[in-house]
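Peer 1: turn this into a structure:
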Amino acid sequence: MKRISESALKQGIVAVEAERLKHPPTFQPDEQQLAALAESRRRSEAMVSTFLQDAGLDVTKLQAVQEPRSADLARMVEQQKIEAVQRAATHKDTLHASVAAQARALRDLASRDRFFPFPSFSLDTPFLIWSIPLQEISTATTAPFGSFAKFKFATSKRRGPQKFGFYFSWVNSSSDYAVINATTFMSAIGHLKAHAPWAFATNISSVGASAVLNMWLGWPNDVTSVQSDIKGLGTAAAFASFTLGSDTEGASISFGEQLHATMFAVPPGNVVVFEVALLLHFENDSGNIEADFESGEFQIACPVVVVSRLNMPPLEPTP
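Peer 2: You can find the predicted model right below:
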């Protein structure tokens, strides 16, 4: 049976993500182009500022008038986060019990013929919890039917994806192709925040969270990487403007989602890697975002991946 090399897996995943960033599905300027666009924007805003001040507008006084509204928005979002932390602490036994119950249900269903009518088995412990691109994970715990991670991600970077994921593996040890389905459950409890500062033009900051299931055949590469399922969990988007001032928006996340993959063919002797991840998509003009899955009882969890084999391997000839 093939052994999983963590270092080789990391190298493969980094290569896949780097290649994807080079060829995004929608137009995205590169860093050099972004710098040129930002400089052009600064020059335009400087001209507008000079014009308005020459026309008699006191820009400083306008910002002072806007400040109470901006401060109130920031306080309300902070209070929303405090209440989310309190709810998670109050309901932690219920929340954690729900995750455990989902894991047990999937495990038990895998042993029956009703929900999983094909031979099924549970992958109950990830061999790796990791972030892509690499970011700090404050807590990463692997345990049978009880794996979870805690992290806080904050950035003013222009845009990008950021993933925090659980990695499971399975080897087709038979001498024939295996066609498999996969089902998993992921829970996420946390808070998203976006802040867009005042500007002469519209200023936007946003962050969205999704639960995703990806599968790789062998070591990850562009050909064998398949995004099988994705479900949105929430979005925080802030829009600042000249007339209204800065903006701060928040969103509480408290969801559990089932994710599925179907009809995935695995050659004999090959490794399948399952990635169950929280995917963040963010964008900042000149603001910042925060995704907190660390405070109090905030966390993400993936207790199990259930794999069903849709075809039976042929009988091996007897010697």
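Peer 1: can you pull out the strands in the stretch 101-250 of the chain?
Peer 2: Counting by DSSP state E, counting those that start in this stretch, the stretch 101-250 of the chain has these strands, from start to end: 120-123, 128-132, 139-141, 148-155, 159-171, 178-196, 203-217, 225-240, 247-266.
Peer 1: most neighbours per residue, which of those strands?
Peer 2: With neighbours defined as mean count of other C-beta atoms under 10 Å, those peak in mean count at strand 178-196, which reaches a mean of 24. In short, each C-beta sits where N, CA and C put it, glycine included.
Peer 1: avg pLDDT for stretch 119-135?
Peer 2: Averaged across stretch 119-135, pLDDT comes to 88.
Peer 1: now it - C-alpha only, CSV.
Peer 2: Extracted in CSV, the C-alpha atoms of stretch 119-135 (Å, rounded to 0.1, in the frame of the first residue of the first chain):
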residue,chain,number,x,y,z
PRO,A,119,-19.8,-1.1,0.3
SER,A,120,-18.8,1.9,2.3
PHE,A,121,-16.1,2.8,4.9
SER,A,122,-15.3,5.8,7.1
LEU,A,123,-12.1,8.0,7.0
ASP,A,124,-12.4,9.3,10.5
THR,A,125,-9.0,11.0,11.0
PRO,A,126,-7.3,13.5,8.7
PHE,A,127,-3.5,13.0,8.3
LEU,A,128,-3.0,16.7,7.9
ILE,A,129,-4.7,20.0,8.8
TRP,A,130,-3.2,22.9,6.8
SER,A,131,-3.7,26.3,5.3
ILE,A,132,-3.1,27.5,1.7
PRO,A,133,-1.4,29.9,1.3
LEU,A,134,0.4,29.2,4.6
GLN,A,135,-1.1,31.0,7.5
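Peer 1: re earlier: would you turn the strands of the stretch 101-250 of the chain into JSON lines with distance to residue 89?
Peer 2: Shown next, in JSON lines, are the strands of the stretch 101-250 of the chain (distance: least, C-beta to C-beta, whole Å):
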{"stretch": "strand 120-123", "distance to residue 89": "30"}
{"stretch": "strand 128-132", "distance to residue 89": "23"}
{"stretch": "strand 139-141", "distance to residue 89": "16"}
{"stretch": "strand 148-155", "distance to residue 89": "14"}
{"stretch": "strand 159-171", "distance to residue 89": "22"}
{"stretch": "strand 178-196", "distance to residue 89": "11"}
{"stretch": "strand 203-217", "distance to residue 89": "21"}
{"stretch": "strand 225-240", "distance to residue 89": "20"}
{"stretch": "strand 247-266", "distance to residue 89": "12"}
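Peer 1: looking at those, which is closest to residue 277?
Peer 2: Across these, residue 277 has its closest neighbour in strand 159-171 (3.1 Å, C-beta to C-beta).
Peer 1: quick one: whatever helix or strand residue 69 lives in to chain centroid distance?
Peer 2: Secondary structure assignment for residue 69, by DSSP states H and E: helix 59-90. Computed by C-alpha atoms, centre = their mean, to the nearest Å, the chain-centroid distance of helix 59-90 equals 25 Å.
Peer 1: buried stuff in it?
Peer 2: Neighbour-count burial for helix 59-90, with 16 or more other C-beta atoms under 10 Å as criterion, is recorded at 66, 70, 73, 74, 77, 80, 81, 84, 85, 87, 88.
Peer 1: now do it against strand 225-240, angle only.
Peer 2: 130 degrees (axes from the mean of the first three to the mean of the last three C-alpha atoms, to 10 degrees).
Peer 1: which ones are touching residue 231?
Peer 2: In this structure, residue 231 makes contact with 210, 211, 212, 257, 259, judged by C-beta atoms under 8 Å, 6 or more residues apart in numbering.
Peer 1: what bridges to the fourth one?
Peer 2: When bridges are taken as DSSP bridges, the partners of residue 257 come out as residue 186.
Peer 1: please tell me how far it sits from residue 292.
Peer 2: The gap separating residue 257 from residue 292 is 19 Å, by C-beta to C-beta, to the nearest Å.
Peer 1: what does the first one give?
Peer 2: When distances are taken as C-beta to C-beta, residue 210 and residue 292 turn out to be 17 Å apart.
Peer 1: which other helices and strands does the helix holding residue 69 contact?
Peer 2: When contacts are defined as 3 or more C-beta pairs under 8 Å, 6 or more residues apart in numbering; DSSP states H and E, helix 59-90 packs onto helix 31-54, strand 178-196, strand 247-266.
Peer 1: can you check what angle separates it from strand 247-266?
Peer 2: Here the directions of helix 59-90 and strand 247-266 differ by 50 degrees (the same axes, to 10 degrees).
Peer 1: helix 59-90 versus strand 178-196: what angle between them?
Peer 2: Put simply, helix 59-90 runs at 140 degrees to strand 178-196, going by the same axes, to 10 degrees.
Peer 1: ok, now which ones touch the residue nearest to residue 131 when sequence neighbours are not counted?
Peer 2: Excluding the flanking residues, the one nearest residue 131 by C-beta to C-beta, 6 or more residues apart in numbering is residue 164, at 4.9 Å. Residues near residue 164 by C-beta under 8 Å, 6+ apart: 129-131, 135, 137, 149, 151, 153, 277-278, 280, 293, 300.
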